[in-house]
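Enquirer: Let's see this in three dimensions:
(chains A and B)
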Amino acid sequence: DSGVTQTPKHLITATGQRVTLRCSPRSGDLSVYWYQQSLDQGLQFLIQYYNGEERAKGNILERFSAQQFPDLHSELNLSSLELGDSALYFCASTPGGQGRTEAFFGQGTRLTVV
Amino acid sequence: GENVEQHPSTLSVQEGDSAVIKCTYSDSASNYFPWYKQELGKGPQLIIDIRSNVGEKKDQRIAVTLNKTAKHFSLHITETQPEDSAVYFCAPGDKLSFGAGTTVTVRA
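Expert: The predicted structure is shown next:
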């Protein structure tokens, strides 16, 4: 168990809809990262938050947004969903601060858009 | 940002043989070099990492070697076993940017 919790595990929704994915980082970790992994693809970095503030942005579509709340959990909002948004969405957490350390990943949310 | 390349993209080895995966990066300021393993249906998990003041690190059957001058580092797996079959990712530098991954299949 990595200590990172993602909910829900599975999500099936229709095109055009909006969904929210939730991530609770490891206790004490201030930094949260979101990734998209399509079938047989690598991990595409979407966005990073550190202690409530956006720190880095990757290839995140304008239809997607995220935030990190005061209790440090994070939500990824996906709107106007398209078939191509079907993927595994992972979040990872690190302590943050200076220097890189091990990142801990959740088990992912599998999103299917039909 | 960091430009990360992994080679090969797929690797099939006979059980008991060795496997080597190479990761090339672009940011000469990078000082942290981890390797992650992702099993089917799971999130990636760190298996070994190295910092720039060290050239090699070993943990049982896995090792990582670093060539800062050439800006690449490699994952070495010896005496491969079926449970080593997975996708392996490198993620060098300060940003958690991953390589495209290497799918390793260990043939029994």
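Enquirer: which stretches of chain B aren't confidently modelled?
Expert: B:1 (pLDDT under 70).
Enquirer: The closest residue to chain A within it: how many residues sit nearby?
Expert: Residue nearest to chain A within chain B: B:G43 (3.1 Å; CB to the nearest CB). C-beta coordinates here come from the backbone N, C-alpha and C atoms, glycine included. By other CB atoms under 10 Å in any protein chain shown, 23 other residues sit near B:G43.
Enquirer: where's it, which helix or strand?
Expert: Counting by DSSP states H and E, there is no helix or strand that carries B:G43.
Enquirer: and the closest residue to B:S97 other than its chain neighbours, what does it touch?
Expert: Excluding its sequence neighbours, the residue lying closest to B:S97 (CB to CB, 6 or more residues apart in numbering or on different chains) is B:E2, at 5.0 Å. By CB atoms under 8 Å, 6 or more residues apart in numbering or on different chains, the contact set of B:E2 is B:25-27, B:30, B:92-93, B:95, B:97.
Enquirer: Now list the buried members of those.
Expert: B:25, B:27, B:30, B:92-93, B:95, B:97 (16 or more other CB atoms under 10 Å in any protein chain shown).
Enquirer: okay if I get those residues as JSON lines plus secondary structure?
Expert: Compiled in JSON lines, these are given as follows (DSSP: H, G, I helix; E, B strand; the rest coil):
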{"residue": "B:Y25", "secondary structure": "coil"}
{"residue": "B:D27", "secondary structure": "coil"}
{"residue": "B:S30", "secondary structure": "coil"}
{"residue": "B:P92", "secondary structure": "coil"}
{"residue": "B:G93", "secondary structure": "coil"}
{"residue": "B:K95", "secondary structure": "coil"}
{"residue": "B:S97", "secondary structure": "coil"}
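Enquirer: re the thing from before, need the max-distance pair from the contacts of B:E2.
Expert: Between any two of these, the greatest separation by CB to CB is 11.8 Å, found for B:S26 and B:K95.
Enquirer: and stretch A:33-51, how far out from the chain's middle?
Expert: Its chain's C-alpha centre and that of stretch A:33-51 lie 6 Å apart, by CA atoms, centre = their mean, to the nearest Å.
Enquirer: now what about that stretch, what contacts it?
Expert: Contacts for stretch A:33-51 (CB under 8 Å, 6+ apart): A:23, A:30-32, A:54-60, A:64, A:66-68, A:72, A:74, A:76, A:86-94, A:96, A:103, A:108, B:44, B:89, B:95-101.
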